[in-house]
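*Asks:* Predicted model, plus sequence, below.
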Amino acid sequence: MLWEVDIYPRPDQPDRQAEFIRATAAELGLVDDLVVTAARGYLVQGESLDAGRIDRLARELLADPVVERTVVAAVGDPRLSEPPEPDRLLVHVLNKPGVMDPVAQSTVAAIADFGFEVDAVRTLRKYWIAPPPEDVLQAICSRILANDAIEQVLVGPLPFKRLESGGAYEFQPVSVPILDLDDAALMRLSREGQLYLQLEEMRTIQGHFRSLGREPSDIELETLAQTWSEHCSHKTLAGRIAYRDERSERHFENMLKETIFAATQQIRAELGADDWCVSVFKDNAGIVRFDDALNVAFKVETHNHPSALEPYGGANTGVGGVIRDTLGTGLGAKPICNTDVFCFAPPDTPTESLPPGVLHPRRVIQGVVAGVRDYGNRMGIPTVNGAIYFDPRYLGNPLVYCGNVGLIPRDKSHKQTRPGDYVVAVGGRTGRDGIHGATFSSAELTSQSEELSGGAVQIGNAITEKMLMDVLLQARDRGLYSSVTDCGAGGFSSAVGEMGADIGAEVWLDRVPLKYAGLSYTEIWISEAQERMVLSVPPDSWDELSRLCAAEGVEATIIGEFVPSGRLVLKYNEAVVGELDMEFLHDGRPPVVRRAEYKPEIEQPFDLAAVAKIDCGELLEKILGSLNVASKAWVIRQYDHEVQGGSVIKPLVGAHEDGPSDAAVIRPVLDSQRGVVVACGMNPRFGDFDTYHMAASAIDEAVRNCVAVGADPARIALLDNFCWGDCEQPGTLGSLVRAALACHDLAVAWRTPFISGKDSLNNEFHYTDAGGMKHTLAIPPSLLISALGQVDDVAGCVTMDMKAAGSRLYLVGTTHNELGGSHLGLVGGQQGGRVPRVDPTAAMQVFQAVHAAIHGGYVRACHDLSEGGLAVAAAEMAFAGDLGAELFLRQAVVDDAIRDLGPADAAAAVLFSESNTRFLVEVPEQSAEAFERAMSGVSCGWIGRVTSERSLRVYDAVLADDAAAKAAPLVDAPVAQLKEAWQRPLDW
Amino acid sequence: MTKPRVVILRSPGANCDVETAFAFELAGGDAERIHVNRVLEQPAVLADFQILCVPGGFSYGDDIAAGRILGNQVRHHLAETLQEFHAAGKLVLGICNGFQVLLKTGMLLEEDQQGPRATLTWNDAGRFEDRWVTLATEPGSCVFLQGVESLELPIAHAEGKFVTRDTAVLDELGRAGQLVLRYARRDAPALTSDVVPYPDNPNASVANVAGVADRSGRVLGLMPHPERFIHRTQHPRWTREDLGPTGQGIRVFENAVRFFR
């Protein structure tokens, strides 16, 4: 019997789903006043269920009778298709078969707890719509109600009376004839089989199997494709590159190793006994020292391609994946916080301008934020830091960076798989979800990607991962395994392949627990089903591990053994279905030399005179209201940023808890005062000028954000995440190499080591428009730098909100005439200018001086200058503190280029330049002398005061002659008005 | 004097258990985190404890509705055990998801023939929110809130809007002194039943209800997180305001521990 339970809000309760749909339809310009009623429902199938039982389940389990009403009937019963109002069209939305449905899973278990047996449960959503025109209905279904990638829409009554489960699998070994293929046929196989390998790689595989005298099996080809994928092997950046720019030529054998890794090696050598790096660039996350007992691990991943197709699921599993990265680092780190950074197209992009196959940015934003929220919050890991950047070039490829920090005992920071250990799968079951995720994320998106790679899109189940995390950390502390890694891209294929790389492994694929029947041995091997990890378990620990997992309802299964053979042997029902040499698998990939070229743009002048005509107050309001600068409170408040109880500096700070914090600080050990600082830096706009300076600026921003809250610049570790376009194009790859060179140079100069990183290439979107024209949308070079700082005692940290009227304001750092890529240019319609640079020596002196002043207790508030420069920093500090400020621009330390400008131009440059390594600092009068002493040797100007009157006043004057200047302030704006401009745009 | 023993009930998805245990320890209790599976296997383990706390989190993912599945497990398998626990003069505390669970077990607010009299449903904003709120109390006989007039604590929930079946139920609970904790205006933190505007009442709970006690005062469920304010630097304005060395939330735990001394 298949029952349906529909659940509606009681008449006195709001129908929020319907309200959301109505509002979205209006926003997208589809229909102004859509009339719709929404319900959620459950399909419950079970022979033992009679009407009495299903009624009881509806009342006691599925619905909340205080606020909801139900319609309960057998599927097919006309009561289920009786509209709540006349003339309504019935639309059902259900997950496609095989898509994870966590609520349905939980419901099966919860019904069992009543003592009733059920075979299957599915959830659905039900909408009653006053019928709009057919094309509008189509658009409502595909743009608002459902996502084709994971869901199906059924109009009218449900067309089935049973929930079918998958059919049985009949074992049939498959070999793939490649020995006699020509180049064209090899490439066709690579494409159509979704291997996405290059010709040279296909030829190498062909040669390998020719030498063995046999054709490969399907699983062998898949294993090679997964392992050699860009996603898993980073073959482009860790490969050979011939690079040329305007200054020199360089040949890299391994570009990353010779730039970013090399910098870290040099720093470690220079630090000698004081080296605080523990494990860099070799495990799933980088590890550095934290205190006497603990180390801290940090990893940031991207989940761009899945998020483009299914924003909720993509972001959801992105968070889940990076958490497993830290859990799978060393012998397992305990996650303590998340950081999430996104790049989107503007939310006001006109619907009619969207290329085919592209989701509206507003929907992408809402989906991504909800996906991060629901996974992070359920895991009980605070999301403490993030940023969002907007640019129309992210329309086809939104970027989703997910990061996680974990604590790990010092003696658990390394792992070693041992011969004879069992290969043990723990956590979620394996299904058909996520097939070809690794190779897919290495391919470019097209308007057909949704159809091609639907299987690569997934929904996570955070509670499965939470349960896994709970037992894993207990097992770690009891020493029950010798190595661990997560099942990410490539599934078991990558996880077991990696863990057994130096030993060899035999895997028994028929023993893997499945979500449903019907998976082939190859699907089992490459499935990227979420929430799974692989342990290497000594046989004498198995019983205890197995008991521990069972005690908390976590599935653990022996699926193989690490056999010291140097070979990867895959079996199904005792039959060998694949056998690969570990050496060929991991080192057999042919080297390809890629060309990389970079020519920086020729500097065009920035027409300051044109912009300076506009009122500075008006410019400031526009910048505050621009999407990159505007308040992200709508996002931040949806994240639990305080769970685990370690919150010290929250993402929103100040008198009304709404000012933008520079960095997050947490106190991860509840009885210790030691703090972890997390911040980031990114500015894709600078990349349009020179990716070297873009990278340097991003590093500067990440470090200065840490320093601004009190972190010691001598203990800041960095991560790099490169998201780029098609790196087979020399110009695109050149811009990336150039950025990597900056990473090297700054890391070495500052001794801020890179400890981990990840790249996502091929972020380009191809489509054909209605007129048959082909287009490519490439993202701008997007380097995210994440920084992990430390503080000895969190009680010494400072926030960015102004604290007290009468305090002095100091501008620390030199202001240059650097308006290239600035937000002044953005709102003033100017393209040119000099892009901000970093002076590494002067910058480190500034960082040290500011740190010393904060450490000395002379600083009440400190804020870094970034987008919008001094003007934005001052406005933010003032409204966060519910105070006002007056600034005297001629007190700022400036360079010759600004001194040479006319007065109006110079004032605008000082106010809006985005020069790096600058801080606006509030200092109480009684600490001024000590503060100035701390600043000796670095550029620092006493630029103004905090006022009790809640206005921001900016004068083109020196402090001494404020009487004369006060007649004509450049900016005179009520702080409330500035705050309103800043809060309005993204207050959804 | 022996320390009162506190059991923090872990479950799949509970995620505030560690810091809640820490708060009880700091308050002088002896806290142990125990998985619900152990309690279901052997309900008698609870007899060793004086205080039961259901911590915050997302038990069973909050699938179906927040706290529903764990609430039903308790209802089906532990109802008697908990009645005995309560009858023995012991204390029960539910924080956030724990409050949702307790409400769904029926042990916090007794049900009548029509079923549950009140629930916690979706915030008016329709989404999860983390923010600090100001709370006013009417402790009456509620053990946990004795001597506490007002509090600042964070909330972090999606389904925290307290709703009664009808106004008669609300009046009954009010008369019985069970509506012990209320959201209040930050600028005028007085107890009121007139709904204060968002965000001071972050979810539009009726009568600003943030926490309710059972008739004995020994069972308390509350949406705000007292365990997240036991240290000065957890407060959102600690860098600008003169706060004491400890957070106000600790008093909830101290009251519970003191009850057994």
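*Replies:* Perfect, I can see it now.
*Asks:* okay, now A:V31: neighbour count?
*Replies:* Neighbour count of A:V31, defined by other Cβ atoms under 10 Å in any protein chain shown: 19. For the C-beta atoms, the positions are set from N, CA and C on the backbone; glycine is no exception.
*Asks:* Tell me the secondary structure at it.
*Replies:* The three-state assignment at A:V31 reads coil, by DSSP: H, G, I helix; E, B strand; the rest coil.
*Asks:* was I right about it contacting A:P132?
*Replies:* Yes - taking Cβ atoms under 8 Å as the definition, A:V31 is a contact partner of A:P132 at 5.3 Å.
*Asks:* Overlap in contacts, those two.
*Replies:* A:I140 (Cβ atoms under 8 Å, 6 or more residues apart in numbering or on different chains).
*Asks:* residues in contact with the closest residue to chain B within the stretch 451-600 of chain A?
*Replies:* Closest contact between the stretch 451-600 of chain A and chain B, by Cβ to the nearest Cβ, is at A:I463 (4.0 Å). Each residue near A:I463 by Cβ under 8 Å, 6+ apart is listed here: A:102, A:106, A:378, B:12-13, B:58, B:60-61, B:63.
*Asks:* Centre of the chain to the helix or strand where it lies, how far?
*Replies:* If you go by DSSP states H and E, A:I463 is part of helix A:462-477. Distance, stretch centre to chain centre, for helix A:462-477: 22 Å (Cα atoms, centre = their mean, to the nearest Å).
*Asks:* try stretch A:794-810
*Replies:* 31 Å.
*Asks:* so which residue of chain A comes closest to chain B?
*Replies:* Nearest to chain B, among the residues of chain A, is A:G380, at 2.4 Å (Cβ to the nearest Cβ).
*Asks:* do you know how far the nearest residue to that residue once chain neighbours are set aside is from A:H851?
*Replies:* Leaving aside its chain neighbours, A:G380 sits nearest to B:N15 (2.4 Å; criterion: Cβ to Cβ, 6 or more residues apart in numbering or on different chains). Applying Cβ to Cβ, to the nearest Å, the value for B:N15 to A:H851 is 34 Å.
*Asks:* Of those two, give the one with the bigger neighbour count.
*Replies:* When B:N15 and A:H851 are compared for neighbours, B:N15 comes out ahead with 28 against 21, by other Cβ under 10 Å.
*Asks:* Quick check, the more buried one in contact with B:G61.
*Replies:* No - assessed by Cβ under 8 Å, B:N15 is found out of contact with B:G61, at 11.2 Å.
*Asks:* what sits in contact with each of these two?
*Replies:* Residues touching both B:N15 and B:G61 (Cβ under 8 Å, 6+ apart) are A:R378.
*Asks:* Need the three-state assignment for whichever residue of the stretch 101-250 of chain B sits closest to chain A.
*Replies:* Nearest residue of the stretch 101-250 of chain B to chain A, counting by Cβ to the nearest Cβ: B:T119, 3.9 Å away. Under three-state DSSP, B:T119 falls in the strand class.
*Asks:* How about it, nearest residue that isn't a chain neighbour?
*Replies:* Counting by Cβ to Cβ, 6+ apart, the residue nearest B:T119 is A:V66, at 3.9 Å.
*Asks:* next one: A:A146
*Replies:* Nearest one to A:A146, counting by Cβ to Cβ, 6+ apart, is A:V93 at 4.5 Å.
*Asks:* Give me the phi and psi angles of the one you found.
*Replies:* phi -120, psi 120 (degrees, to the nearest 10).
*Asks:* Please apply the same query to B:M223.
*Replies:* Phi and psi for B:M223, reported as degrees, to the nearest 10, are phi -80, psi -40.
*Asks:* is any part of the helix or strand containing A:A878 close to chain B?
*Replies:* Using DSSP H and E, A:A878 sits within helix A:869-881. Yes - contact between helix A:869-881 and chain B, assessed by Cβ under 8 Å from any Cβ of the partner chain, occurs at A:G881.
*Asks:* Could I get the buried residue list for that helix?
*Replies:* A:869-881 (16 or more other Cβ atoms under 10 Å in any protein chain shown).
*Asks:* from the residues you listed, which is closest to A:V471?
*Replies:* For those, the minimum distance to A:V471 (Cβ to Cβ) is 42.5 Å, reached by A:A880.
*Asks:* Residues of the stretch 151-261 of chain B that sit close to chain A?
*Replies:* Counting by Cβ under 8 Å from any Cβ, the stretch 151-261 of chain B sits next to chain A at B:154, B:156, B:163-165, B:225, B:227-228, B:230-234, B:236-237, B:239-240.
*Asks:* re the thing from before, which residues does the residue of the stretch 101-250 of chain B closest to chain A bridge with?
*Replies:* B:V163 (DSSP bridges).
*Asks:* how near is it to A:V426?
*Replies:* Look at B:T119 and A:V426: by Cβ to Cβ, they are 36 Å apart.
*Asks:* Return the distance of the helix holding A:A878 from the chain's centre.
*Replies:* 28 Å.
*Asks:* what's the average pLDDT for that helix?
*Replies:* Taken as a whole, helix A:869-881 has an average pLDDT of 98.
*Asks:* Can you name every helix or strand that the host helix or strand of B:E254 contacts?
*Replies:* Element membership for B:E254, per DSSP H and E: helix B:250-258. If you count contacts as 3 or more Cβ pairs under 8 Å, 6 or more residues apart in numbering or on different chains; DSSP states H and E, helix B:250-258 packs onto helix B:17-26, strand B:91-95.
*Asks:* try 7 Å this time
*Replies:* Applying 3 or more Cβ pairs under 7 Å, 6 or more residues apart in numbering or on different chains; DSSP states H and E, we find helix B:250-258 packed against helix B:17-26.
*Asks:* How about the contacts made by the residue nearest the centre of chain A?
*Replies:* What sits nearest the mean C-alpha location of chain A, by Cα atoms, centre = their mean, is A:Y401, with 1.9 Å. A:Y401 is in contact with A:300, A:302, A:340-341, A:721, A:784, counting by Cβ atoms under 7 Å, 6 or more residues apart in numbering or on different chains.
*Asks:* And for it, nearest residue in space, chain neighbours not counted?
*Replies:* In space, A:Y401 is closest to A:V341, 4.2 Å off (Cβ to Cβ, 6+ apart).
*Asks:* Secondary structure class of A:C680, three-state.
*Replies:* strand.
*Asks:* Tell me the bridge partners for it.
*Replies:* Note on A:C680: beta-bridge partners A:S786, judged by DSSP bridges.
*Asks:* since we're on it, how many residues are nearby?
*Replies:* A:C680, neighbours per other Cβ under 10 Å, totals 25.
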